[in-house]
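A.B. asks: generate coordinates for the sequence data below:
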Amino acid sequence: MSEPQGSEGTTQRLPVIEKAPGGDLDHAPPPPSAADDAREGRFWSARRVLAGIVAALILAVAGIFLYDVAAVRAGRPAMSWRRELARQLAERPLDDTWVLVGAGVAAVLGLWLIVLAATPGLRGVLPMRRPDTDVHAGLYREAAALVLRDRAMEVAGVQSVRVRVRRSRADVFAVSHFREPDDVRADLDTALAEAVEGLGLSRPPALTVHVRRPGRKR
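C.D. replies: Down below sits the predicted model:
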């Protein structure tokens, strides 16, 4: 029996759940409509490490400049690197190669930070339907792949299964040994369609099933 790789790993992580203060998990209102499910978005990543690095760099650069400016105001000469930087910026034309390279790097970094700030992140968490407006739950892709893999292994004739779950698609690669591949594929389609629905995802991934015979042993 083959083991899944990547998103197909055997990591057993619990779903992500966010609960608003004062909410009641025991409250069970009617299931939300399809329109409500369609509005479920991805989880936003805090990106604390990246934010900390950017903040530390900005603080360090600002601190160095502030110290140099204060030293100049106190009658001491400016640091040599700042005098050289000021001279280079004053003498080099705008179409200079190094000026264009520096501007390009700064523009790319700025655009990258804007994209990170405007996108949710947490691509590995799939949003789930909300049975309660106070609860926002998500399922890790690895956990979803593990559920589908276990369900596929229950189908008669399946020797091994590899599952890869993405945001909008779930690919299942099965190996059959004593049944016809077409019959195994039909049973897998039925069983996995029920399993995908049972995951309770806001946007169930499209299911693709591939079945083949085991390779010949040499």
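A.B. asks: contacts, neighbours, all on C-alpha from now
C.D. replies: OK.
A.B. asks: the residue nearest the centre of the chain: what secondary structure?
C.D. replies: The residue lying closest to the centre of the chain (Cα atoms, centre = their mean) is Arg123, at 1.8 Å. Classification of Arg123 using DSSP: H, G, I helix; E, B strand; the rest coil returns coil.
A.B. asks: now it, what are its backbone angles?
C.D. replies: Note on Arg123: backbone dihedrals following degrees, to the nearest 10 are phi -70, psi -20.
A.B. asks: quick one: it from Leu148, how far?
C.D. replies: 19 Å (Cα to Cα, to the nearest Å).
A.B. asks: now do Leu111
C.D. replies: Distance from Leu111 to Leu148, by Cα to Cα: 38 Å.
A.B. asks: looking at the two, which is more packed in?
C.D. replies: Taking neighbours as other Cα atoms under 10 Å, Leu111 and Leu148 compare with Leu148 leading, 26 against 12.
A.B. asks: mind checking how far Trp112 is from Ala70?
C.D. replies: Taking Cα to Cα, one finds Trp112 at 33 Å from Ala70.
A.B. asks: show me the longest helix that occurs in this protein.
C.D. replies: helix 48-73 (DSSP state H).
A.B. asks: following it, which helix or strand comes up?
C.D. replies: helix 80-91 (DSSP states H and E).
A.B. asks: CA atoms of that next one as CSV?
C.D. replies: What follows is helix 80-91, C-alpha atoms only, in CSV (Å, rounded to 0.1, in the frame of the first residue of the first chain):
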residue,chain,number,x,y,z
SER,A,80,31.2,58.5,4.8
TRP,A,81,28.7,56.1,3.3
ARG,A,82,25.9,58.7,3.5
ARG,A,83,28.1,61.4,1.9
GLU,A,84,29.0,58.9,-0.9
LEU,A,85,25.3,58.0,-1.4
ALA,A,86,24.3,61.6,-1.6
ARG,A,87,27.1,62.3,-4.1
GLN,A,88,26.1,59.3,-6.3
LEU,A,89,22.4,60.3,-6.3
ALA,A,90,23.4,63.9,-7.2
GLU,A,91,25.8,63.0,-10.0
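A.B. asks: from the chain's centroid, how far away is that helix?
C.D. replies: Offset of helix 80-91 from its chain centre (Cα atoms, centre = their mean, to the nearest Å): 43 Å.
A.B. asks: tell me the average confidence for it?
C.D. replies: Helix 80-91 carries an average pLDDT of 84.
A.B. asks: which residues touch it?
C.D. replies: Outside of helix 80-91, no residue comes within contact range by Cα atoms under 8 Å, 6 or more residues apart in numbering.
A.B. asks: how far off helix 48-73 does that helix point, in degrees?
C.D. replies: Here the directions of helix 80-91 and helix 48-73 differ by 90 degrees (axes from the mean of the first three to the mean of the last three Cα atoms, to 10 degrees).
A.B. asks: what stretches of the chain score poorly on pLDDT?
C.D. replies: 1-41, 216-218 (pLDDT under 70).
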